[in-house]
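Chemist: below are the sequence and a predicted model for it; my questions follow.
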Amino acid sequence: MIRPFAIAVALVAPPALADDHDEAGFGPAGVLSSGNKHDLPPILLSAGMPLAEAPLTLRSGSYYEIEIEADGSQELALTAPEFFRAIWIDEIVIEGLEIRPLGLDSVEFDEAGVMEIGFLAIKPGRYEIQVPGGGESQRLAVTIE
C-alpha cells in the first residue's frame, strides 16, 4: 500500500552575507563587483633587490589587482605554481593587451616593463612568489585566509 505524504516547504529569507566590504552583500556582479576589488602593492623586479616591502595577506573570495614592474636591470622571472593554482586569473594586462589564461606557472621579463594581473583568491593556504635562484630577499610570502 502506498501512503500519501506531505512535504512542507518553508520560505525563509536567505541569511545576510557576512561581508566586511559591503554591508548589503555582493551586488549584481557578485565577486567581480567593484566593492570586492582591492589593489595590492606592486612587485618590483630588479637585480638582487627585494620583491616587496612586506608579505601579502589575501582574503579568499576577494578580487585583487597587482602590478609587476621590471626595471630591466636583468632578465628576471617569477615562479609561483602553487599560488597560481590557488587563484582564478581573470586577466593579465601587458601594454594594453589583455590576456585571459586558463592557468599560469611563471612569468618572465626580458626587459623593462609592467604587467598587471587581476585575480580572485580562492584556496586558503601559504604560498611563495619567487625569483628562481634569487635568495631569501627575492621571495614574497602570500597567505590566503
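Modeler: Noted; the coordinates are in hand.
Chemist: remind me which residues of this structure are low pLDDT?
Modeler: Residue ranges of the chain with pLDDT under 70: 1-29.
Chemist: rerun that using 80 as the cut-off
Modeler: 1-35 (pLDDT under 80).
Chemist: ranges for the strands of it?
Modeler: 37-39, 43-45, 56-58, 63-70, 76-79, 87-94, 97-99, 106-109, 113-121, 125-130, 139-144 (DSSP state E).
Chemist: how long is stretch 93-113 from one end to the other?
Modeler: Start-to-end span of stretch 93-113 (CA to CA, to the nearest Å) is 11 Å.
Chemist: okay, buried residues for that stretch please.
Modeler: L104, V107, F109 (16 or more other CB atoms under 10 Å). No exception for glycine: its C-beta is placed from N, CA and C like everyone else's.
Chemist: need the strands of the chain in JSON lines (columns: distance to V31).
Modeler: Formatted as JSON lines, these follow (distance: least, CB to CB, whole Å):
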{"stretch": "strand 37-39", "distance to V31": "9"}
{"stretch": "strand 43-45", "distance to V31": "23"}
{"stretch": "strand 56-58", "distance to V31": "13"}
{"stretch": "strand 63-70", "distance to V31": "6"}
{"stretch": "strand 76-79", "distance to V31": "25"}
{"stretch": "strand 87-94", "distance to V31": "9"}
{"stretch": "strand 97-99", "distance to V31": "19"}
{"stretch": "strand 106-109", "distance to V31": "24"}
{"stretch": "strand 113-121", "distance to V31": "6"}
{"stretch": "strand 125-130", "distance to V31": "19"}
{"stretch": "strand 139-144", "distance to V31": "14"}
